[in-house]
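Asks: this one's structure only:
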């Protein structure tokens, strides 16, 4: 604004708004085409931003615009009673079972194969058997050259997964199972934004299962279909249609998608529901999803030397454990029902201070940030901006190998073939 205001006066602010909004839309479109998890952060209170970071009005305004403030008017993220979502659980009459699939899958389709979990599922499939993997991708090239992997260009939100009728029929006649991993994971988006991919894509996968060769569907859901709260416990076979509400479009869309799978199972389509906890880095390599909110929290803890003080725990599971469990369950000819791919005991944020090599904590919910927090944050942000594009965060600083397979109220779905979370 300082640069263009001398030329355009008060119009400078309007130009900045148009530029920020246009760039946001360009980035969102490009991210969607590449299958990245970029999303606007939603409404930003300019007064709170100014006060917390001591910004001038112009800086705060541009910050809010880049955060996607204009999107808030279209839809709002709210709590929704799950029973009010029941009308969304609808399958066409012709989506029904057509027989028992082959006991050993020789050719499978994996949706979301270029995502963080999807790539690990593909790796686990290739490592566990001689199966051929057809990977549904928005754009060919990201998996090209991988032995026994064939890319299929399509999109979950489109009819027939974006395939021509001929390609759809050929696919339906050639596969024995579908590992439905693909989903749009945006915690700040409303149901209406996520339903086309998360609900519509599941509906099309189930339609595929009712065509051509009999096939099983292994649907990756989330423990987000259960309400979050201290002291709440749910068994794998509990009914998700309880007297509670779910917050946010992601949890709501996954709840509806699960309902579609359960309905398909009633129509004799063989299907499993797999509910991972919060998926974090690979227990063997430390590789994690750089787009994940949680991993960026860990990054901040390491860089700032500060850890939050919270009274809640998180159900963290390594991505390789989740992938191997999904494949192990899918390999069982008699696999049915739902499975919780979770920890027995939550990881408490008080333990995160070990990552920061510091005993300093930031008290959650305090009105005034500790005097040491903002200077460190500014210094870290300044350094990161200066190094952006040249220095990557060293994931080795985070030891994800501490995750364990301890389980209590949830039965372990993993057979003795080795698909277990690593133990200490």
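Replies: Great, that's in hand. Owing to the predicted nature of the structure, the values given are computational and were not obtained by experimental measurement. Residues are numbered from 1 along each chain as shown.

Asks: residue 333 contacts residue 103, correct?
Replies: Yes - using C-beta atoms under 8 Å, residue 333 is in contact with residue 103, at 4.5 Å. The C-beta positions use only the backbone N, C-alpha and C, and glycine is treated the same way.

Asks: how close does the closest residue to residue 102 other than its chain neighbours get to residue 291?
Replies: Counting by C-beta to C-beta, 6 or more residues apart in numbering, the nearest residue to residue 102 once its immediate chain neighbours are dropped is residue 176, at 4.8 Å. The gap separating residue 176 from residue 291 is 32 Å, by C-beta to C-beta, to the nearest Å.

Asks: which of these two has more neighbours?
Replies: Legend: neighbour count by other C-beta atoms under 10 Å for residue 176 and residue 291, higher for residue 176 (18 against 15).

Asks: for the more buried one, what are its contacts?
Replies: 101, 102, 104, 105, 106, 107, 108, 213, 215, 216 (C-beta atoms under 8 Å, 6 or more residues apart in numbering).

Asks: shaky segments in the stretch 301-424 of the chain?
Replies: 305-312, 349-424 (pLDDT under 70).

Asks: my bad, should have said the stretch 51-200 of the chain
Replies: 51-76.

Asks: could you pull out the helices for it?
Replies: 57-66, 116-128, 165-172, 191-198, 200-209 (DSSP state H, counting those that start in this stretch).

Asks: between those helices, which one is nearest to residue 140?
Replies: Distance to residue 140, taken as C-beta to C-beta, is lowest for helix 165-172 among the helices of the stretch 51-200 of the chain, at 13.4 Å.

Asks: who touches the closest one?
Replies: Taking C-beta under 8 Å, 6+ apart as the rule, helix 165-172 contacts 109, 134, 152, 160, 161, 163, 208, 211, 212, 213.

Asks: mind listing what the fifth one touches?
Replies: Applying C-beta under 8 Å, 6+ apart, one finds that residue 161 lies in contact with 111, 136, 154, 155, 168, 201, 204, 205, 208.

Asks: closest to residue 285 out of those residues?
Replies: Out of the contacts of residue 161, the member with the shortest distance to residue 285 (by C-beta to C-beta) is residue 111, at 24.1 Å.

Asks: rewinding a little: out of the contacts of residue 161, flag the one nearest to residue 120.
Replies: Comparing the contacts of residue 161 against residue 120 with C-beta to C-beta picks out residue 111 as the nearest, at 13.9 Å.

Asks: not counting sequence-adjacent ones, nearest residue to that closest one?
Replies: residue 182 (3.5 Å).

Asks: same thing with residue 191?
Replies: Residue 191 sits nearest to residue 249 (C-beta to C-beta, 6+ apart), 4.0 Å away.

Asks: could you give the backbone dihedrals for the one you found?
Replies: Main-chain torsions, residue 249, degrees, to the nearest 10: phi -70, psi -30.

Asks: ok, it - contacts?
Replies: 77, 186, 189, 190, 191, 192, 193, 194, 195.

Asks: ranking these by neighbours, who comes first?
Replies: Ranking these using other C-beta under 10 Å puts residue 194 first, with 25 neighbours.

Asks: check the gap between residue 340 and residue 317 for me.
Replies: 10 Å.

Asks: who touches both of the two?
Replies: Residues touching both residue 340 and residue 317 by C-beta under 8 Å, 6+ apart: residue 277.

Asks: wouldn't residue 274 be in contact with residue 221 here?
Replies: Yes - Residue 274 is in contact with residue 221 according to C-beta under 8 Å; the separation is 6.4 Å.

Asks: okay, and the common contacts of those two?
Replies: Common contact partners of residue 274 and residue 221 (C-beta under 8 Å, 6+ apart): residue 338.

Asks: which one of residue 333 and residue 103 is surrounded by more residues?
Replies: The neighbour count for residue 333 versus residue 103, taken as other C-beta under 10 Å, is higher for residue 333 (13 against 10).

Asks: what's the separation between the more buried one and residue 105?
Replies: With C-beta to C-beta as the criterion, residue 333 and residue 105 are 10 Å apart.

Asks: what about residue 127, neighbour count?
Replies: 10.

Asks: ok, now residue 131?
Replies: Neighbours of residue 131 (other C-beta under 10 Å): 18.

Asks: which SSE is residue 333 in?
Replies: Using DSSP states H and E, residue 333 maps to neither a helix nor a strand.

Asks: now do the contacts for it.
Replies: 103, 104.

Asks: for it, grab phi and psi.
Replies: Backbone torsions of residue 333, given as degrees, to the nearest 10, read phi -60, psi -30.

Asks: give me every residue that touches the closest residue to residue 100 other than its chain neighbours.
Replies: Leaving aside its chain neighbours, residue 100 sits nearest to residue 214 (5.9 Å; criterion: C-beta to C-beta, 6+ apart). Neighbouring residues of residue 214 by C-beta under 8 Å, 6+ apart: 97, 98, 99, 100, 101, 102, 270.
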